[in-house]
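Participant: Quick check, what structure comes out for this input:
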Amino acid sequence: MSNASGVPGFPAEGIRERKKRLTRELISNTATRMFLAEGFDAVKVTDIARACDVAEKTVYNYFPTKESLLLDREEAMAESIRQALAPPASQPPIQAAVGLLAVQLDAILSSLPAGRRGVTTLRRFADLLDSTPSLRAAQRDMDTRLVGVAADAMAARAGVHPDEPEVQIAAQAIMGLWRIQFAALRRYTAEGVGVADGLREKVTADVQRAARLIDSGLWTFNSIVSAPGDRERLAAAGLAAQRSARQVTAALRRARSTVHPTK
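Facilitator: This next block holds a predicted model:
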């Protein structure tokens, strides 16, 4: 089954749910347009409520803070991360994360205006985040919470506590791919690269390069999780460490060749 937005596995969306979803989208989209046009600090929540023809209280019912009007995907991202990383899992965690990032990248690019306007919109959005201290702080807090979600999922996969150092560093590394994707979007749009110029392919290539390096370390994590006994786990970890070293060396050589192609 699918709901009104075409998401499989969920019951059909009722009239009440649809109305709430559309109201939330209206408020978020209106706020984003106003922030991009006038600046985050120049726009008040009352201005957004007035533009949407709703009460200010209604805005806060959907968005607890002004910053969350712009950074409004945390709940959906958290649920996606749980589903991708928690057991039962059909893919290694790094593959699941890369797949999820590809889906999110497609959603971002498909929502943009056509042509050069899309490039401009992405660049202005990134500039707005970077130039607004309260948004930067809110984004850092959101990133920390999402790392916690990833750690919980990875711990459940491994059958250990989320505070274990291996779980913590694995979660930090995986969630770092989201920062790589955002940085790549900003980098290429600043260079004027649009969707028609291969923006999706360039961003995806950067994410995959980073993922290859992370996968080297996570191979040890996966091997330890999958091995049944202490002796087997130790042997698996040793083999994984050797494989990790080879993968890191190969990845660094590939990266170096892009900077110094004649060497």
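Participant: Next, count neighbours for Gln172.
Facilitator: If you count neighbours by other CB atoms under 10 Å, Gln172 ends up with 14. In this view, the C-beta of every residue, glycine as well, is placed from N, C-alpha and C.
Participant: Please read the previous query as pertaining to Lys19.
Facilitator: Lys19 sits with 11 neighbouring residues when counted by other CB under 10 Å.
Participant: Report the residue ranges of every domain in the chain.
Facilitator: 15-66, 74-259 (automatic domain parsing).
Participant: Please, where are all the helices along this structure?
Facilitator: In the chain, the helices defined using DSSP state H lie at 15-38, 45-52, 56-62, 74-85, 93-110, 116-131, 133-158, 165-190, 199-226, 230-259.
Participant: Distance to Ser68 for these - can I get that in CSV?
Facilitator: Shown next, in CSV, are those (distance: least, CB to CB, whole Å):
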stretch, distance to Ser68
helix 15-38, 9
helix 45-52, 11
helix 56-62, 9
helix 74-85, 8
helix 93-110, 18
helix 116-131, 13
helix 133-158, 7
helix 165-190, 17
helix 199-226, 25
helix 230-259, 37
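Participant: mean pLDDT for the ones you listed: which is lowest?
Facilitator: When the helices of the chain are compared by mean pLDDT, helix 230-259 comes last with a mean of 54.
Participant: Please tell me how far Leu185 sits from Leu109.
Facilitator: Relative to Leu109, Leu185 is positioned 9 Å away (CB to CB, to the nearest Å).
Participant: I should have written Glu25 there, sorry.
Facilitator: For Glu25, the distance to Leu109 (CB to CB) stands at 18 Å.
Participant: Which one of those two is surrounded by more residues?
Facilitator: Using other CB under 10 Å as the criterion, Glu25 and Leu109 rank with Leu109 on top: 16 against 12.
Participant: Relative to Thr23, how far out is the most centrally placed residue in the chain?
Facilitator: Central residue of the chain (CA atoms, centre = their mean): Trp178, 4.2 Å from the mean position. In this structure, Trp178 lies at 28 Å from Thr23, with CB to CB as the measure.
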